[in-house]
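Colleague: Predicted model and sequence below, questions to follow.
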Amino acid sequence: MHALAEFLRSQPEIALFISLALGYLIGNRKIGPFSLGGVCGTLLVALVLGQAGVRLSADLKNVAFALFIFALGFTGGPQFFANLRTGWRYGILSVIEAVSVMAIVIGAMLIFHLDEGTTAGMLAGAATESAVVGTASEAIGRLSLPPDQIQSLQNNVVTAYSVTYLFGLITIVLFTSQIAPLILRINLREESAKLFNKMSGGASLGEGQVAGAPSLVGRIYRVEQAAGKTVAQFEAAHKMGITIEQLKRGDTVREATMQETLVAGDLILVVGRRSELVLAAPEIGPEVGDATQLDAIEGSEDVFVTRREVQDVALEDMRSKAPVDVGRGVYVSAIKRMDTSIPALPATKVHRGDVLTLFGLRSAIARVAKELGYVVTPTSKTDFVYLGMGIVAGMLLGRITFRFGGVPVGFGTGGGCLLSGLLFGWGRSKFPVIGSFPAAASQILKDFGLATFIAAVGLSSGPDAVRLIKSYGLLLPVVGVLVVLIPACISLFVGRRFLHFDAPILLGAIAGQQCSTPAISAVTTVSGNSIPIIGYTITYAISNVLLPLLGPLLIGIAALLHQRSTP
């Protein structure tokens with residue numbers, strides 16, 4: 001063992017990748033609905049390896065965290081700014097989360113005489129927001145304390161985080177998926193099914209699944225009963241839920257214009273939503289099985305929504321409000337919000353920053369895309385000029401500090417890069433010709449950056465872990481549970497009584513206010529569909545900004561209170 005420890009101390013990069021590999025192996029193992037997740041698993045392995053005295057460069061730790069936090073802000077920027085105005089109802093829940101957890105951990109600090117590092121670690125772990133570890137540790141580094149005391153406080157952040165994270169994770173998963181439905185006296189699956197039907201949905205699909213009977217279909221009919229009607233009249237009678245794309249008369253095939261009058265014997269290609277097409281079929285004539293008779297080629301494109309006019313507008317209202325010649329023949333087949341799929345139902349409201357998958361003729365999609373935003377051009381290249389400028393701007397912003405009661409307070413690299421990421425991500429949505437940052441690239445930066453940072457701090461904190469756990473015993477787990485339950489219960493009451501959220505969406509929003517992916521996974525599993533994700537994405541975007549910024553604020557307040565209590 002001594003030889004192994006010496007080897008790892010001499011090759012710390014090997015210890016890093018051992019932490020990542022074993023951490024994700026352990027963290028991804030499920031016990032019922034629970035899994036620690038790769039980040040927490042990495043931390044636990046790093047704490048163990050850290051007992052051997054393995055250390056990673058502080059520069060590596062700082063760079064990894066800067067990449068993670070900037071990518072987090074960049075991907076959430078468009079949604080965050082779009083929801084500042086219209087998402088205020090959901091934002092109330094994120095504010096409840098931020099205020100409540102601050103009050104609880106500061107109260108625990110004063111009652112039990114906790115140090116700044118342990119207090120910040122409790123907040124980060126119980127709120128399951130790993131980014132707070134970085135922002136709080138940076139803020140501790142700016143305190144006017146001896147280097148060894150600063151290192152000890154930073155180690156306490158990591159250890160307290162590792163203990164409270166597990167209890168916070170279990171509590172939020174159980175609360176949103178099991179306890180809250182009991183408090184509300186509802187059957188979550190039945191309520192979700194009712195809401196899904198109310199929003200005119202069908203069966204919801206998981207990742208990699210396709211419907212055996214897709215909602216968007218095309219059929220060829222021979223005109224009999226519909227003879228004498230114009231295309232415009234026929235489509236309007238079915239609320240523009242179907243489109244007559246092509247017409248064959250004799251041997252001539254052409255695009256069906258809205259002024260075209262249908263003649264008995266015409267062959268027409270009708271595309272649209274299955275529900276409307278089933279109603280329309282008896283009014284047209286017999287279906288023709290020979291698909292070679294008409295050859296219109298449909299396609300799909302992803303469109304990034306930037307127009308302010310469509311913010312918080314339901315899909316069905318977008319179609320009714322748009323001029324007929326603009327929206328005709330185009331259908332929304334999928335919606336992604338912050339890289340998360342949400343139900344593309346008629347009653348689903350669109351937000352700026354959403355990516356809509358449009359289905360129809362290429363010419364029609366291009367026409368609609370101009371009215372919504374811009375077509376997302378598939379690319380695997382990252383604009384490192386834009387990325388580099390953003391991170392530099394964030395680091396410079398993080399160097400700005402001010403005195404709060406004699407205590408230096410600032411955003412630090414974490415807060416600065418988060419804010420610059422938000423602004424640069426928003427700028428990319430406004431000017432899509434710059435700042436290419438593919439979703440896969442941003443995801444790897446978030447995952448690898450955070451995991452590397454957590455591994456680095458875990459390795460350095462290993463020797464102090466046992467000491468801190470012995471010092472506080474059951475205090476950390478108990479506070480971890482309270483930090484979840486109190487904000488969640490307040491949000492449940494406020495969201496139901498005053499904001500009048502539907503229960504499935506409210507539970508998704510509570511999972512989002514704590515940025516808990518395992519919780520929303522558990523809620524959607526119990527609900528049987530993806531309706532709760534509608535609430536989750538908005539509070540997740542807002543809390544992902546608010547919670548990391550609490551780290552420096554908490555350290556500043558804690559240091560000031562300790563300063564005043566010291567004789």
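Modeller: Received it, and whenever you're ready, just let me know what you need.

Colleague: what's the distance between Leu279 and Asn197?
Modeller: Applying Cβ to Cβ, to the nearest Å, the value for Leu279 to Asn197 is 18 Å. For every residue, glycine as well, the C-beta is placed using N, CA and C.

Colleague: cool, and Val494?
Modeller: In terms of Cβ to Cβ, Val494 sits 27 Å off from Asn197.

Colleague: Of those two, which one has the most company?
Modeller: Val494 (16 against 11; other Cβ atoms under 10 Å).

Colleague: Now that that one has come up, it's in contact with Ser94, right?
Modeller: No - judged on Cβ atoms under 8 Å, Val494 makes no contact with Ser94 at a distance of 11.9 Å.

Colleague: Can I take it that Arg219 is in a strand?
Modeller: Yes - assessed with DSSP: H, G, I helix; E, B strand; the rest coil, Arg219 lies in a strand.

Colleague: For it, list the residues it contacts.
Modeller: By Cβ atoms under 8 Å, 6 or more residues apart in numbering, the residues touching Arg219 are 269-270, 277, 281, 287.

Colleague: If we only consider those, which is nearest to Ile297?
Modeller: For the contacts of Arg219, the minimum distance to Ile297 (Cβ to Cβ) is 10.8 Å, reached by Leu269.

Colleague: just checking, the closest one is part of a helix?
Modeller: No - under the criterion used here (three-state DSSP), Leu269 is strand, not part of a helix.

Colleague: roughly how far apart are it and Ser363?
Modeller: 15 Å.

Colleague: the more surrounded of those two?
Modeller: Leu269 (24 against 9).

Colleague: how far away is the residue sitting furthest away from the middle of the chain from Lys229?
Modeller: Most distant from the centre of the chain: Gly250, at 53.1 Å, with distances by Cα atoms, centre = their mean. Gly250 is 20 Å from Lys229, where distance means Cβ to Cβ.

Colleague: okay, and for the chain, where does confidence drop off?
Modeller: For the chain, the stretches with pLDDT under 70 are 1, 32-34, 84-86, 200-213, 403-410, 462-466, 468, 565-567.

Colleague: Kindly report the domain assignment for it.
Modeller: Domains of the chain are assigned by automatic domain parsing as 1-55, 224-284.

Colleague: Just tell me which of the ones you listed ends up closest to Met395.
Modeller: domain 1-55 (22.6 Å).

Colleague: Got the phi and psi for the residue farthest from the centre of the chain?
Modeller: Here is the backbone geometry of Gly250 (degrees, to the nearest 10): phi 70, psi -120.

Colleague: what do you get for Gln311?
Modeller: phi -60, psi 130.

Colleague: and it, how many neighbours does it have?
Modeller: 19.

Colleague: cool, Leu174 as well?
Modeller: 17.

Colleague: what's the helix or strand for it?
Modeller: helix 147-174 (DSSP states H and E).

Colleague: Closest to Val163 out of the contacts of Arg219?
Modeller: Using Cβ to Cβ, these come closest to Val163 at Leu277, 57.1 Å.

Colleague: For Gly107, give me its contacts.
Modeller: Contacts of Gly107 by Cβ under 8 Å, 6+ apart: none found.

Colleague: what separates it from Gln259, distance-wise?
Modeller: In terms of Cβ to Cβ, Gly107 sits 71 Å off from Gln259.

Colleague: where do the helices sit along the stretch 101-250 of the chain?
Modeller: 116-126, 131-141, 147-174, 180-184, 188-198, 231-237 (DSSP state H, counting those that start in this stretch).

Colleague: Name the stretch among those helices that sits most buried.
Modeller: helix 116-126 (a mean of 31; mean count of other Cβ atoms under 10 Å).

Colleague: How far off centre is the helix or strand containing Val368?
Modeller: Assigned by DSSP H and E, Val368 belongs to helix 362-372. Relative to its parent chain, helix 362-372 has a centroid offset of 27 Å by Cα atoms, centre = their mean, to the nearest Å.

Colleague: next SSE after it?
Modeller: Helix 362-372 is succeeded, C-terminally, by strand 373-375 (DSSP H and E).

Colleague: buried ones in that next one?
Modeller: 373, 375 (16 or more other Cβ atoms under 10 Å).

Colleague: In its sheet, which strands sit next to that strand, and in what direction?
Modeller: Neighbouring strands of strand 373-375 in its sheet, by DSSP bridges, are strand 299-305 (antiparallel).

Colleague: and the partner strand, C-alpha only, in PDB?
Modeller: Presented in PDB, the C-alpha positions along strand 299-305 are these (Å, rounded to 0.1, in the frame of the first residue of the first chain):
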ATOM      1  CA  GLY A 299     -38.300  17.100 -43.800                       C
ATOM      2  CA  SER A 300     -37.600  18.400 -40.400                       C
ATOM      3  CA  GLU A 301     -35.400  21.200 -39.000                       C
ATOM      4  CA  ASP A 302     -34.500  22.400 -35.600                       C
ATOM      5  CA  VAL A 303     -35.200  26.100 -35.100                       C
ATOM      6  CA  PHE A 304     -33.900  28.200 -32.200                       C
ATOM      7  CA  VAL A 305     -36.700  30.600 -30.900                       C
END
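
Colleague: just the angle between that strand and helix 362-372, please?
Modeller: 10 degrees (axes from the mean of the first three to the mean of the last three Cα atoms, to 10 degrees).

Colleague: contacts for strand 299-305?
Modeller: Here strand 299-305 has contacts from 333, 336, 350-362, 365, 368-369, 372-376, 429, 432, using Cβ under 8 Å, 6+ apart.

Colleague: Stretch 317-336 now?
Modeller: For stretch 317-336, using Cβ under 8 Å, 6+ apart, the contacting residues are 215-216, 232, 235-236, 239-240, 243, 245, 258, 271-273, 300, 302, 310, 313, 315, 341-344, 348, 350, 354-361, 364-365, 367-368, 371.

Colleague: same question, stretch 265-283
Modeller: So stretch 265-283 is in contact with 213-223, 225-227, 234, 237-239, 241-249, 256, 262, 284, 287-288, 293-294, 296, 298, 329, 331, 360, going by Cβ under 8 Å, 6+ apart.

Colleague: buried residues in that stretch?
Modeller: Quick answer for stretch 265-283 (16+ other Cβ under 10 Å): 266-274, 276-277, 280-281.

Colleague: Stretch 22-32 too?
Modeller: Buried, per 16+ other Cβ under 10 Å, within stretch 22-32: 22-24, 26-27.

Colleague: Redo the buried residues of stretch 265-283 as TSV? Include distance to Tyr536.
Modeller: Output for the buried residues of stretch 265-283, formatted as TSV (distance: Cβ to Cβ, whole Å):
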residue	distance to Tyr536
Asp266	48
Leu267	46
Ile268	42
Leu269	39
Val270	37
Val271	32
Gly272	30
Arg273	26
Arg274	28
Glu276	30
Leu277	32
Ala280	36
Ala281	38
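
Colleague: right, and out of those residues, which lies closest to Asn83?
Modeller: Closest to Asn83, out of all of the buried residues of stretch 265-283 and judged by Cβ to Cβ, is Arg273, at 28.7 Å.

Colleague: Please report the distance of the closest one from Lys336.
Modeller: 20 Å.

Colleague: try Pro552
Modeller: For Pro552 relative to Lys336 (Cβ to Cβ), the value is 32 Å.

Colleague: ok, these two, which is more surrounded?
Modeller: More neighbours surround Pro552 than the other of Pro552 and Lys336, with 27 against 19 (other Cβ under 10 Å).

Colleague: circling back to that earlier point, ok, the contacts of Arg219 vs Gln443, which is closest?
Modeller: If you rank those by distance to Gln443 using Cβ to Cβ, Leu277 comes first, at 37.5 Å.

Colleague: separation between the closest one and Pro552?
Modeller: 57 Å.

Colleague: for Arg497, same thing?
Modeller: 34 Å.
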